[in-house]
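Engineer: no sequence on this one, just coordinates:
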């Protein structure tokens with residue numbers, strides 16, 4: 001990788017791992033494994049976590065480890081945020 005390297009971890013709730021992988025592929029990535037997607041200047045690793053529990057409500061969650069060049073992540077983030085945005089009350 002060229003330039004500064006960006007790293008971040010995000011917990012994503014309410015979107016299954018397989019759907020996150022599809023979203024990343026739609027954004028130009030290629031799935032190299034069931035849990036890793038690589039794009040132009042970025043790599044994202046997905047890890048299924050224990051469901052988030054609030055009382056009797058249980059919601060699936062995935063840890064998303066993002067690594068890449070600053071510029072590549074700056075291009076990816078707005079698109080990724082649109083894909084993972086969920087309306088709430």
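Structural biologist: Right, received. Where do you want to start? Since the structure is predicted, the reported quantities are computational estimates derived from the model, not experimental observations.
Engineer: contact partners of the lengthiest helix in the chain?
Structural biologist: Assignment by DSSP state H gives helix 70-84 as the longest helix of the chain. With contact meaning CB atoms under 8 Å, 6 or more residues apart in numbering, helix 70-84 is reached by 3-6, 8, 12, 15, 20, 23-24, 26-27, 39-42, 66, 68. C-betas here are computed from N, CA, C, even on glycine.
Engineer: what residues does stretch 37-52 touch?
Structural biologist: Residues contacting stretch 37-52 (CB under 8 Å, 6+ apart): 1, 11, 13, 17, 20-21, 24-25, 27-32, 35-36, 58-69, 71-73, 76.
Engineer: closest to the centroid, which residue in this protein?
Structural biologist: The centre of the chain sits closest to residue 64, judged by CA atoms, centre = their mean, with a distance of 4.4 Å.
Engineer: from what I see, it and residue 20 are in contact.
Structural biologist: Yes: between residue 64 and residue 20 a contact is recorded at 6.8 Å, counting by CB atoms under 8 Å.
Engineer: got any residues that touch both of those two?
Structural biologist: 12, 46.
Engineer: run the chain-centre distance for whichever strand or helix holds residue 44.
Structural biologist: Following DSSP states H and E, the helix or strand that holds residue 44 is strand 42-54. Relative to its chain's centre, strand 42-54 lies at 8 Å (CA atoms, centre = their mean, to the nearest Å).
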